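**Student:** give me the fold of what follows.
(2 chains)
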Amino acid sequence: QKEVEQNSGPLSVPEGAIASLNCTYSDRVSQSFFWYRQYSGKSPELIMSIYSNGDKEDGRFTAQLNKASQYVSLLIRDSQPSDSATYLCAVFSGGYQKVTFGTGTKLQVIP
Amino acid sequence: DVKVTQSSRYLVKRTGEKVFLECVQDMDHENMFWYRQDPGLGLRLIYFSYDVKMKEKGDIPEGYSVSREKKERFSLILESASTNQTSMYLCASRERTSYEQYFGPGTRLTVT
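**Tutor:** Here you go, the predicted model:
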């Protein structure tokens, strides 16, 4: 069974700080990695995709991928109360042909 | 923008009833998915479809069936609803060559 693991949190950060969300995965052949944001009672919304080692920046969000360590992270700079949500890590492994989701990390940004 | 819609946001059914959940996407995506999401268990794949009339079992297909007669529409059927099928049901779609999935708003189903 392919696994994607995240700390469930909650992760609490003060407004304006950097929030760091982490995810590890077990399948070495994983190819594509995604971060979804899910507000309470709502459906997941895709916010970042990353396919190669290194950093990918989009506004206040930076995704980091290290395939050797089987680790992907999401940094949120200048965190805002509106960033308070659960963040889901998702991994696509070509051989398995399906996206596997972690159970999510709950982020709380304290004003 | 990709738009995925689901037939109901909230649904209450009785044990033993047959339940239909519908999903429609407007982006001509080949692949469509049904998940359920439960606290502490995350998103679990029930069924997916990669083409019209094609379907594949996901991780938890028991008690469910699906239908895809048109490319834009993917239906989830609970043949005889049970209380352990009370959950949030999420539909998603994606292009065949992309692995970015887009979700509908979800249906919160309660079976009493």
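
**Student:** ok, the residue in chain B positioned nearest to chain A to B:R36 distance?
**Tutor:** For chain B, the residue closest to chain A is B:G42, as judged by C-beta to the nearest C-beta, at 3.8 Å. (C-beta placed from N, C-alpha, C; glycine too.) For B:G42, the distance to B:R36 equals 10 Å [C-beta to C-beta, to the nearest Å].

**Student:** again with B:L90
**Tutor:** 7 Å.

**Student:** determine the residues that are contacts of both of those two.
**Tutor:** Common neighbours of B:L90 and B:R36 (criterion: C-beta atoms under 8 Å, 6 or more residues apart in numbering or on different chains): B:L43.

**Student:** phi, psi for A:D83 please.
**Tutor:** Note on A:D83: its backbone torsions stand at phi -80, psi -10 [degrees, to the nearest 10].

**Student:** would you mind confirming that it makes contact with A:L107?
**Tutor:** Yes. Using C-beta atoms under 8 Å, A:D83 is in contact with A:L107, at 6.3 Å.

**Student:** of the two, which one has the most company?
**Tutor:** A:L107 (22 against 18; other C-beta atoms under 10 Å in any protein chain shown).

**Student:** which ones are touching the nearest residue to that one once chain neighbours are set aside?
**Tutor:** Spatial nearest neighbour of A:L107, chain neighbours left out: A:L11 (5.2 Å); criterion: C-beta to C-beta, 6 or more residues apart in numbering or on different chains. A:L11 makes contact with A:A19, A:L21, A:T105, A:K106, A:L107, A:Q108, according to C-beta under 8 Å, 6+ apart.

**Student:** just A:L46 next, same as before
**Tutor:** A:F34, A:W35, A:Y36, B:E100, B:Q101, B:Y102.

**Student:** enumerate every residue touching the first one.
**Tutor:** If I follow you right, that is A:F34. A:L46, A:M48, A:S49, A:I50, A:C89, A:A90, A:V91, A:F92, A:V99, B:Y99, B:E100, B:Q101.
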